[in-house]
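In: Make a model of this:
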Amino acid sequence: MPQVKLNIFAKLLILLFLLMFPVGLLYGYSNWTSVNLIKTQIQDLNYNRLTFFMNQIETNTSQMAVLTSVLSRDYSVQSLQAKNNFSTYSEISSLNAVEQKLRLQQLASPWKNQIAVYYPQAKLIVPGRAVLPEAFNLRSIVSQSRKELWHYEPIGGDPKNGYQFAHYELDNYSGDPDELLQVTKAFFHDTILSDMLFNFNKDKAGETFLYHPDYAPISRSAAPLPHKKELVAYLNGKPLDEFRNRTVDIEGQAYMVNALKSNNLGWYLIDVVPINKILTPITKNTNLFYYSIAALLLLGTLGSLWLYRNVQLPIKELLLAVRRMRHGDYSVRVQRTTGSEFDYLFSSFNYMADETQHLIEKVYAEQLQSKEAKLKQLQSQINPHFLYNCLFYIMNMATLKEEEAVVAMSLNLGEYFRYTTRNENQRATVEEELKLVRNYLVIQNLRMQRLEYDIDIPQEMMGLEIPRLTLQPIVENAVIHGIEPQLGDGFIRITGIRKGRENRILVEDNGIGMTREAIEELQQKMSGPHDEELGYGVWNVHQRLSYRFGEGAGLTLEANPEGGMRFILHWTDPTSEEGQ
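Out: Below you'll find the predicted structure:
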């Protein structure tokens, strides 16, 4: 695994974070402890306030129920049970006395309530002297009174009129509603509770409301709860007796829920507080601390960045320049101006680079001249054996009066030596090189009737420039060392392949070939300095391709699957003068 090296800027940042991390960790632990403590205290405080509010409701409703019970047993109230006609003075006086007591009883309660006495036998309601409506159901009243101390009912039997809480006292009830003599009813409108809840919800986070699974919640708040409907739907079917400091998540918002049941009303007092509002002061302090830490980190980062810009970057630029010089780019110069001691270091580096480049360019020019001289020497060399064979062939054909063979050999031989001895341009197109190869192969075909060849180069490669005398030495090597030593027919195939900027020319023969060890040894020698045993042909072609097109270009040798050898000339088109 490669070792990761950190620069100065990275080390400064790591040091800064290492200094800040313990501070943040200690504060986080302290903040967590404080939040839990305050959260517990706030939960207890909210629950105590909720308990106090519920006690108020229970006390008032119990007091009203007790007063109603006392009133129902009053002698004046019970004296009207046997009356059927209220026409005499004494009967009217008794009725007025009952009404007076009912009004006094209403004034004794802290809530605005009403008390009425029903006399089923006389079909009379006091106060109001109104006859009981036909829809008045004594059996329903008896059933509700047994279940709850107070029950919730629509006013006048119509929900459009609103709802009220009612408490019934049944006097001398024997079990048969038809024999019931007196029903005392105390009732109050549910707006009394909603007004109390409105005052309770003032300056309070969240909302408190009365909940019953069979009715709409009773509530009034200046700032209603955002997710009240979803919360009510969540409460349906839940065992609310166990709800205390319960955290409920509604659409990503966390709420703390407390529930207390009213034994008198049968409703639940639900207190809902968003946890984020409970922790707002702590959150502000926490955010302030984090902002301070962020500001310190920012200042530390800016300080590190200043050091990075004025120290690390100059060092990095100088290091990159040294690496480029190490890889052979001696034209690199450092142009940065820092106004510090680095300027002297940069000027010294530039002076050293100038001197180095001047010295290398001088040596390079001398080597280039030496290579050009060697190349011209190679091109000017004429194989005497090849020339003698061609001249003897012309003489023999002339003796045999084969004029066409003499003309063909002379023309191809002339074209061949005219191209090989031309030194004014060291580059040629693939088309020009193929023309030389054809001249050479025609000459060899005239001499050896058993030699055949095939050339298949795409038209798009014909205009590509390559060093002069690149293909001919390879073909000549295939003829002399591959085909001539064998007795059978010889065949040479030249194929061109172009993919994008990648170019390949394959020269294949069916000659005697080479062993794998010999191919590997020859390939290795071509990449090194010249070996006198190797000869100049193949080595020179590989070196000139590599020199002309850069690393990756050259000559590759491999065995031909059909027998013989395969020579692959490969290079990449230069894209600019720098690439060349």
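In: use CA for all of it now, contacts and neighbours both
Out: Fine.
In: What degree of burial does residue 161 show, as a neighbour count?
Out: Residue 161 has 10 neighbouring residues, counting by other C-alpha atoms under 10 Å.
In: Go ahead and confirm it touches residue 155.
Out: Yes: contact criterion C-alpha atoms under 8 Å: residue 161 and residue 155 qualify, at 5.6 Å.
In: So what's the residue count around residue 523?
Out: 18.
In: who's in contact with it?
Out: 556, 557 (C-alpha atoms under 8 Å, 6 or more residues apart in numbering).
In: Likewise for the one 4 residues further on?
Out: Applying C-alpha under 8 Å, 6+ apart, we find residue 527 in contact with 539, 542, 543.
In: switch to 10 Å and redo it
Out: 539, 542, 543, 546, 554, 555 (C-alpha atoms under 10 Å, 6 or more residues apart in numbering).
In: neighbour-wise, which of these leads?
Out: Most surrounded of those: other C-alpha under 10 Å gives residue 555, at 26 neighbours.
In: Could you check the pLDDT of residue 31?
Out: On the pLDDT scale, residue 31 is placed at 71.
In: Hmm, I typed the wrong one, I wanted residue 468.
Out: For residue 468, the predicted pLDDT is 80.
In: Okay, strands next: where are they in the stretch 401-550 of the chain?
Out: 427-429, 451-456, 465-467, 490-499, 502-509 (DSSP state E, counting those that start in this stretch).
In: nope, the stretch 51-200 of the chain is what I was after
Out: 114-119, 124-126, 151-154, 163-171, 182-189.
In: quick one: strands adjacent to the third one?
Out: As defined by DSSP bridges, the strand partners of strand 151-154 come to strand 163-171 (antiparallel).
In: quick one on the thing from earlier: compare the mean pLDDT across the strands of the stretch 51-200 of the chain and name the weakest.
Out: For the strands of the stretch 51-200 of the chain, where the average pLDDT is lowest is strand 124-126, sitting at a mean of 76.
In: Provide a list of residue ranges in the stretch 251-400 of the chain with pLDDT below threshold.
Out: 278-279, 281-282, 336, 338-340, 364-386 (pLDDT under 70).
In: Mind telling me which residue is nearest the centre of this structure?
Out: The residue lying closest to the centre of the chain (C-alpha atoms, centre = their mean) is residue 252, at 21.7 Å.
In: residues near the closest residue to residue 489 other than its chain neighbours, how many?
Out: The shortest distance from residue 489 to any non-neighbouring residue, by C-alpha to C-alpha, 6 or more residues apart in numbering, is to residue 450 (4.7 Å). Residue 450: 15 surrounding residues under other C-alpha under 10 Å.
In: Against residue 316, how distant is residue 450?
Out: 67 Å (C-alpha to C-alpha, to the nearest Å).
In: tell me the secondary structure for residue 40?
Out: helix (DSSP: H, G, I helix; E, B strand; the rest coil).
In: so it sits right up against residue 245, yeah?
Out: Yes: using C-alpha atoms under 10 Å, residue 40 is in contact with residue 245, at 9.1 Å.
In: who's in contact with residue 234?
Out: Counting by C-alpha under 10 Å, 6+ apart, residue 234 has contacts 228, 248, 250.
In: What count of nearby residues applies to residue 499?
Out: 8.
In: Show me the chain divided up by domain.
Out: 73-189, 381-572 (automatic domain parsing).
In: Give me the distance between the residue lying closest to residue 78 once chain neighbours are set aside and residue 184.
Out: Using C-alpha to C-alpha, 6+ apart and skipping the chain neighbours, the partner closest in space to residue 78 is residue 72 (7.1 Å). In this view, residue 72 and residue 184 are 6 Å apart by C-alpha to C-alpha.
In: one step back: show the contacting residues for the residue nearest to residue 78.
Out: Counting by C-alpha under 10 Å, 6+ apart, residue 72 has contacts 66, 78, 116, 117, 168, 169, 170, 171, 182, 183, 184, 185.
In: I'd like those residues laid out as a markdown table, including neighbour count and distance to residue 550.
Out: Listed next are these as a markdown table, based on neighbours: other C-alpha atoms under 10 Å; distance: C-alpha to C-alpha, whole Å:
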| residue | neighbour count | distance to residue 550 |
| --- | --- | --- |
| 66 | 13 | 110 |
| 78 | 18 | 124 |
| 116 | 21 | 113 |
| 117 | 25 | 116 |
| 168 | 26 | 109 |
| 169 | 24 | 112 |
| 170 | 19 | 114 |
| 171 | 16 | 118 |
| 182 | 24 | 119 |
| 183 | 22 | 115 |
| 184 | 22 | 114 |
| 185 | 19 | 110 |
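In: out of the residues you listed, which one sits closest to residue 460?
Out: For those, the closest approach to residue 460 (C-alpha to C-alpha) belongs to residue 168, at 109.5 Å.
In: give me the beta-bridge partners of the closest one?
Out: residue 185.
In: ditto for residue 163
Out: Assigned bridge partners for residue 163, using DSSP bridges, are residue 154.
In: wait, isn't it in contact with residue 152?
Out: Yes: counting by C-alpha under 10 Å, residue 163 touches residue 152, with 6.8 Å between them.
In: re earlier: ok, now how distant is the residue nearest to residue 78 from residue 185?
Out: When residue 72 is compared with residue 185 (using C-alpha to C-alpha), they lie 9 Å apart.
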